[in-house]
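# turn this into a model:
(one chain, ligands or ions: 1)
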Amino acid sequence: MTSLKRKILLAAQALAVLAVGVSSAAATSDEVRNKLARKDCVRGKFANYYLEGKGGDPSADYRGRVFKLSQNFPDQLPPAEKLPWQAIDFKDGAPVDPRAYLQALLEYGLEGNVPVDFYVEDNTVRKWYGMPWMDWNTEVASDWPGTDGREFVHGFTHEFDSSGNTLSTLQRDFVDTWSGAYYNDRAAFGIGQVYCNPDDPKPGALNPDPTALNTFPDGAFIIKLLFSTVTEEQLPSVKNALEWKAHVFANDDPRWRNAGPLSRFKREISTIRMIQIDVSVRDERSTTGWLLGTFGYDGNAPGDTPWKRMVPLGLQWGNSPRATFAETCKGPNGPCDQSKLTEQWINPQALKDLNTAPLNFNHLGYGGRLAGPVDNAKASCMGCHQTAGFPVVPILPEFSANGSVLGLDAERQPQTEQSLRMMYQGNVASGVVFSDTQLYSSDSSLQLSMSLQNFVSMRCSAGSPPDAPSLCKQLARWQGLQRKSIDAVLTFGKPGPDGGPLPSNPD
Ligand code: HEC
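From the prediction side, this is the model:
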């Protein structure tokens, strides 16, 4: 290997983060997206739920409704309707009235979906869709492969579990989170382009224009409902929460399940309660091109339905990239000074209520940034979401190899190692990758990146035969080059026998 080549590989070791102070680059128009979109797409091929037709089906005596993935993605971008949040002005990349903006997002996400219990294909107001490949999902690294996949009642996937004491001081044991996300037609167009050929996904086709950033179109919107197995005894504020039946783990303790065997992941129909709603929207006026917001359930809030008792917690349009932990927070559990976090809005009343015993949300996300009650408290909405891309990368510095080498411990010492940590709190522009270990951005959609991950985990066998999906071939080549670049770190600058560069293996 020439030394120039080695230098290039070395440079490629560095994780790249793009801090943007201005709105994302000129966007691709609807017209161009439509002109370049593939129109020969194959639809209807994705499984609906975990082990469908392979032993995961409802039992003969099950009388309830069975989830069907809404997957007839549009091949043309539906004309932009007048979206309600677009009526709210922006100044310097931020909405002038964040609370009203957030409320407009929620109302749009609920419209027509509430009366049909989010069986969105029955929505009579507008069309909604789901993400392919979430039937076989490995969301949490310690969970057994595929076991987090969609259950058959609502199509919910299993997420991060909350250990005792996380939600309230009365919560003794683990409670499990189950959730579902729904994409509007503008978002679904992008998903449909990526999965135009269900057997050969093209992550770079999210925006069909190869000369532009790999973005969802403006107006793409996603709503996510988060349910928990938590009861009112453990968390008094879930009283009168929306209760649904779902086919979820019979045993709530992930440590017990993950010790195996597979039979410990047995599922049964039981009750789950809605505790959080997340929304995210692509809006080119925002600092990052996205806004992410969240609502928490409060049984004491006014409102005659559980949907109306969802209290706004906050909205993020950027990560406030310059505010280090030591500058914003007094200690690992706060308090944190909101005035330094200029790229978000936090509802001050909700923040106070969440800290009132027995509720135990004594923190927001990292350094006081927005994160939801069932999210990892040392992360933030945008911190996790801006990593979205293929291949997937760790969503938290703690989970990365770098974090493990540096011995990060966010619970006890969140203020240390800011150079790495703050990379996760930078502002990645919409459609740009987070790290140079990624090939494609999935533009803030972590379900899209997980979906692609789930695809390759099942479809790319070792050795990548000639008929393998193109993504598998790219991944195999990527893997080889990643290994080589690490080797190069060890040998760079070391003289060979004649004083020249050490010979290296050809590609
Ligand atoms: C610890 C990392 C993490 C944090 C913090 C986080 N998310 Fe997510 N989010 C994920 C992952 C992983 C997924 C995909 C898996 C899933 O939905 O089951 C996801 C999915 C979503 C989706 C579904 C759409 C999609 O494709 O990404 C929305 C909407 C969403 N999150 C909004 C939010 C909001 C709003 C917040 C802050 C209140 C937030 N998230 C905080 C990791 C995170």
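
# what about residue 420, how many residues nearby?
16 (other C-beta atoms under 10 Å). Where C-beta positions appear, they are placed from N, C-alpha and C, glycine not excepted.

# confirm it sits in a strand?
No - assessed with DSSP: H, G, I helix; E, B strand; the rest coil, residue 420 is helix; it does not lie in a strand.

# show me what from the stretch 151-300 of the chain comes close to the ligand.
Counting by C-beta under 6 Å from any ligand atom, the stretch 151-300 of the chain comes close to the ligand at 157, 159, 179, 181, 222, 224, 278, 280, 292-294.

# who are the packing partners of the lengthiest strand in the chain?
Longest strand in the chain by number of residues (criterion: DSSP state E): strand 267-282. In terms of contacts (3 or more C-beta pairs under 8 Å, 6 or more residues apart in numbering; DSSP states H and E), strand 267-282 is packed against helix 98-110, strand 221-228, strand 243-249, strand 290-297, helix 381-385.

# and the residues of the stretch 151-300 of the chain next to the ligand, which two are furthest apart?
Within those, 157 and 293 form the most distant pair, 20.9 Å apart (C-beta to C-beta).

# which of those two has more neighbours?
Taking neighbours as other C-beta under 10 Å, residue 157 and residue 293 compare with residue 293 leading, 27 against 22.

# skipping adjacent residues, who's closest to that one in space?
Of all residues not flanking residue 293 in the chain, residue 315 sits nearest, at 3.9 Å (C-beta to C-beta, 6 or more residues apart in numbering).

# send me the helix or strand harbouring the one you found as PDB with only the CA atoms.
In the assignment (DSSP states H and E), residue 315 maps to strand 310-316. Extracted in PDB, the C-alpha atoms of strand 310-316 (Å, rounded to 0.1, in the frame of the first residue of the first chain):
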ATOM      1  CA  MET A 310     -51.100  13.800  26.800                       C
ATOM      2  CA  VAL A 311     -49.000  16.700  28.100                       C
ATOM      3  CA  PRO A 312     -46.400  18.400  25.900                       C
ATOM      4  CA  LEU A 313     -42.900  17.800  27.300                       C
ATOM      5  CA  GLY A 314     -40.800  19.600  24.700                       C
ATOM      6  CA  LEU A 315     -39.600  20.100  21.200                       C
ATOM      7  CA  GLN A 316     -36.100  20.000  19.800                       C
END
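
# ok, then the element right after the helix or strand of the chain with the lowest mean pLDDT?
Lowest by mean pLDDT, DSSP states H and E among the helices and strands of the chain is helix 3-13, with a mean of 37. Following helix 3-13 in sequence order, the next helix or strand is helix 30-36 (DSSP H and E).

# I'd like the average pLDDT over that following helix.
Averaging pLDDT along helix 30-36 gives 96.

# buried ones in that helix?
Neighbour counts using 16 or more other C-beta atoms under 10 Å place 30, 33, 36 of helix 30-36 among the buried residues.

# show me where this structure has helices.
3-13, 30-36, 98-110, 185-194, 254-258, 325-328, 348-354, 381-385, 401-405, 418-421, 446-459, 470-491 (DSSP state H).

# I'd like to know which elements the longest one is packed against.
I take that to be helix 470-491. In terms of contacts (3+ C-beta pairs under 8 Å, 6+ apart), helix 470-491 is packed against helix 3-13, helix 446-459.

# CA atoms of stretch 78-86 as CSV?
Only the C-alpha atoms of stretch 78-86 are listed here, as CSV (Å, rounded to 0.1, in the frame of the first residue of the first chain):
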residue,chain,number,x,y,z
PRO,A,78,-48.6,13.1,-3.1
PRO,A,79,-49.2,16.8,-3.7
ALA,A,80,-48.2,18.8,-0.6
GLU,A,81,-51.4,19.5,1.3
LYS,A,82,-51.5,22.6,3.5
LEU,A,83,-49.8,21.1,6.6
PRO,A,84,-51.1,22.8,9.8
TRP,A,85,-47.6,23.3,11.4
GLN,A,86,-46.4,25.2,8.3
